[in-house]
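S.K.: just the structure for this:
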Amino acid sequence: MTDTENLNVITSRRLLVTGGAGFIGANFVRHWCGQYPGDRLIILDALTYAGNLQNLEGLDAVRFVQGDICDRSLVDTLLREEAIDTLVHFAAESHVDRSILGPAAFVQTNVVGTFTLLEAFRDYWNNQQQPSHYRFHHVSTDEVYGSLSPSDPAFSETTAYAPNSPYSASKAGSDHLVRAYHHTYGLPTLITNCSNNYGPYHFPEKLIPLMCINILLGKPLPIYGDGQNVRDWLYVEDHCSALDVVIHKGTPGQTYNIGGNNEVKNIDLVQALCDLMNEMAPDLPVRPSHQLITFVKDRPGHDRHYAINATKIKTELGWMPAQTWQTGLRRTVEWYLSHRDWWQPLLSKEHSFYQQIDSVSTALESSCVELTNQSRRKI
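M.R.: Below is the predicted model:
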């Protein structure tokens, strides 16, 4: 029986989802519970600043375990006790600005954590006589490919890795480990590299939720540099449907790029958000909200352009995104307008993400000044 035929006769799965209380992880859990109510899901999350149990409200059929993916004993216990056959790995430090200020946490979680999971899953898989339907799915990013110039083709699965930040370098390292474990040990791994996600439950330090909330609060809308940086935007529910397809149909050892076919300049994205907020939110403290746009000093090593070539997943697995960036953005604004009870508690002192963002921006500004002064002293 082939791997594909074997997958077709599986009646249910038992998933360990790392980082399942985070933005993409929680959306994936919600997607999977809706599509496969008979499956068993165990969520392992350390509940660091971006993890939030509110993201999982209403999902009574899942088991939540607070813990660290670097805790080998805990991972071993969960794999064995829950008879896991599918590990979906979202857990990661992911904010570029934070990685510039404190790269150690990114190496620990993204590299050492992924290594720990791979070792645990390999031992467990071997002890189970290497079942062909088991899967280790590693969720990664397009940032591992570096930055594109205007004449470069979009990132494909064969694009050479060229990470430019501690964050993307740590994710590149974890990708290489996952690939090596398939080629060295035969572990049934899958890797997906996605473009920028957005949608419900997005922690408010990232661009789109930060802009939405700042508009509602009448705060400045900070845009790095000249705002001409281009990103491919992927609605998170589209991403989850792609992961579903890859887990069920993907070939072990393969990498699949997941993109939204939505390349947009940062300034155009923020302008569109302002337009939507002006239309949909009648009680804005500053109207029109466009006047809140503020250009700030660019961050070090800011990649100029990302673009995903998602031909492989389309031709081989039949997946395409359902949302354009305009339809996805409208859905996202609607969600933030109707879920103030989710994001307003994040403004409290114990979360104080605005203070965190301010401190990050200040520290980055100081770092830029110090680097400039060092260069001048050398000259």
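
S.K.: what segments of the stretch 251-379 of the chain are strands?
M.R.: Remark: strands assigned in the stretch 251-379 of the chain by DSSP state E, counting those that start in this stretch are 255-258, 263-265, 293-296.

S.K.: paired strands for the last one, with orientation please.
M.R.: The reference is to strand 293-296. In the sheet, strand 293-296 lines up against strand 221-224 (parallel) (DSSP bridges).

S.K.: so, low pLDDT: which residues of the stretch 1-150 of the chain?
M.R.: 1-10 (pLDDT under 70).

S.K.: kindly recompute the last result at 90.
M.R.: Where the stretch 1-150 of the chain drops to pLDDT under 90, the residues are 1-12, 49-50, 60-61, 93-101, 149-150.

S.K.: pretty sure Leu74 contacts Gly67?
M.R.: Yes. Using CB atoms under 8 Å, Leu74 makes contact with Gly67 at a distance of 4.8 Å. (C-beta placed from N, C-alpha, C; glycine too.)

S.K.: mutual contacts of those two, please.
M.R.: Here Leu74 and Gly67 have Leu44 as joint contacts, going by CB atoms under 8 Å, 6 or more residues apart in numbering.

S.K.: what helices and strands are in contact with the helix or strand harbouring His31?
M.R.: Using DSSP states H and E, His31 sits within helix 23-35. When contacts are defined as 3 or more CB pairs under 8 Å, 6 or more residues apart in numbering; DSSP states H and E, helix 23-35 sits against strand 14-18, strand 40-45, helix 236-249.

S.K.: the second one: what's the following helix or strand?
M.R.: Using DSSP H and E, the helix or strand that directly follows strand 40-45 along the chain is strand 62-66.

S.K.: that following strand: which residues count as buried?
M.R.: Neighbour counts using 16 or more other CB atoms under 10 Å place Val62, Phe64 of strand 62-66 among the buried residues.

S.K.: between the helix or strand following it and strand 14-18, how big is the angle?
M.R.: Per DSSP H and E, the first helix or strand lying C-terminal to strand 62-66 is helix 72-81. Orientation check (axes from the mean of the first three to the mean of the last three CA atoms, to 10 degrees): helix 72-81 against strand 14-18 gives 160 degrees.
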